[in-house]
Structure formats: structure tokens, C-alpha cells
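I need the structure of the sequence given here:
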Amino acid sequence: MSGFARHLASGAVIAHFNGLEADLLRSLASQLVELLHNEQAVEDVSPDPLRAMLDFTGPVSEPDDPVLARLFPNAYRDDEEAAADFRRYTEGGLRDGKARAASTVIDCLEEAGLPEQLTEEGLVIDVELDPATAEVWLRSFTDIRLALAVRLGVEEDDEAYWHSLPDDDPRVQAHDIYDWMGYLQETLVTALA
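I've put the predicted structure just below:
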């Protein structure tokens with residue numbers, strides 16, 4: 001994997017993944033989509049006919065899952081009512097947007113030739129993204145890295161801790177995936193610049 005680069009002639013952003021990398025990326029994006037749709041919204045039972053017609057249903061409290069709580073923090077920390085209203089009117093759309101972005105990653109990988117079940121050794125997936133789609137991937141990479149960071153407990157300036165873990169600690173491999181996603185994100189930002 002060489003990361004993302006801009007194709008000078010077409011302006012497209014390109015990357016080459018081996019089959020395992022592409023399948024891992026699809027799996028991470030799929031897990032994010034599943035997580036985003038995991039908690040149900042709270043129904044708005046307001047007697048206001050305009051609100052009923054516009055369907056302002058949505059969650060009113062911070063999600064229980066720590067990853068979702070990080071992806072959708074309270075907008076108003078000192079005003080619970082304003083935070084609940086803001087969440088009710090915006091979180092559903094934000095969740096849908098994040099899920100669409102992750103689904104775009106999945107769709108692009110599959111359109112580039114990633115089979116439903118990875119069985120072929122030596123498979124190479126060539127992804128070519130227009131700048132707008134590359135930006136969608138970038139947003140999804142941010143969400144995936146944030147989810148991994150929360151699950152792993154990654155903190156600022158904690159690299160010494162991760163390097164101190166024995167190689168057979170399962171968190172090491174998960175942290176390597178987190179680092180790999182950071183590498184992909186960085187090369188994608190550079191390719192879009």
C-alpha cells in the first residue's frame with residue numbers, strides 16, 4: 001500500500017490496496033455504518049401539528065455508546081434543554097451523513113473489484129476517486145479513526161505506552177490498524193491539497 005496520490009492528468013485521487021487491506025477497510029466502514037444505526041431515535045410526541053408534519057423525531061440525550069458520544073457530543077454543555085433540542089433536530093441527519101460516507105467507501109471498493117468474499121490471493125484493488133468522492137472518504141476516515149481511538153483508549157502523546165506493549169498483546173494489532181488509518185488519512189489530505 002503506497003497511500004493516496006493525485007493523478008496529474010485527470011486530477012483523480014488514486015490508491016492501490018491489496019485484497020486484505022481493501023477487505024479490512026470495507027469491514028471498518030461496515031462496522032461504522034452498523035454502529036451509527038444501532039441506537040433508535042426517540043419519537044417526538046409533541047401536539048404541535050407543524051412539528052408533527054416536519055417529523056422532528058430524534059434522540060434527545062447523549063448516546064450510551066462512548067464512540068457515538070464522541071461522534072455526537074453535546075452542543076450545549078451547560079444547557080440540557082438546548083442540547084436535547086439541538087440533538088433532536090440534527091443528530092438523525094448527521095448519523096445518516098456519516099453512514100452514507102462510510103457506505104460510499106464500501107461501494108467504491110466493491111465497484112473497484114473487491115469481491116463479497118475475499119478468496120483470491122494477490123488481489124489488487126485500484127481505487128480512483130474524483131475530488132468530491134475523495135473528500136467523502138476523508139470524512140469517513142476521520143470517523144473510523146475516532147471510533148478506533150475511543151475503543152482503544154488512545155490519548156494524546158501516549159505512543160510510549162503503545163510501544164511498551166508486548167507484540168502478542170491484541171491491542172497492538174488494533175493500534176497498528178489505527179496508525180494505518182492515520183497514514184491513509186494523511187496521504188489522502190496531501191493528495192487533495
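
next secondary structure after the lowest-mean-pLDDT helix or strand in the chain?
Ranking every helix and strand in the chain by mean pLDDT, DSSP states H and E puts helix 49-54 at the bottom, with a mean of 57. Per DSSP states H and E, the first helix or strand lying C-terminal to helix 49-54 is helix 66-71.

quick one, helices of this structure?
Assigned by DSSP state H, the chain shows helices spanning 19-36, 49-54, 66-71, 80-111, 131-152, 159-164, 170-192.

which strands or helices does the longest one pack on?
If I follow you right, that is helix 80-111. If contacts are counted by 3 or more Cβ pairs under 8 Å, 6 or more residues apart in numbering; DSSP states H and E, helix 80-111 sits against helix 19-36, strand 124-129, helix 131-152. For glycine as for every other residue, the C-beta is placed from the backbone atoms N, C-alpha and C.

include distance to residue 74, mean neighbour count and mean pLDDT when you put these into TSV, please.
Shown next, in TSV, are these (distance: least, Cβ to Cβ, whole Å; neighbours: other Cβ atoms under 10 Å; pLDDT from 0 to 100):
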stretch	distance to residue 74	mean neighbour count	mean pLDDT
helix 19-36	18	19	95
strand 124-129	34	18	94
helix 131-152	16	18	95
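
got TSV for these, with distance to residue 173 too?
Converted to TSV, the helices and strands packed on helix 80-111 look like this (distance: least, Cβ to Cβ, whole Å):
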stretch	distance to residue 173
helix 19-36	11
strand 124-129	22
helix 131-152	11
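
out of these, which gets nearest to residue 162?
helix 131-152 (8.8 Å; Cβ to Cβ).

now do the closest one against helix 170-192, angle only.
160 degrees (axes from the mean of the first three to the mean of the last three Cα atoms, to 10 degrees).
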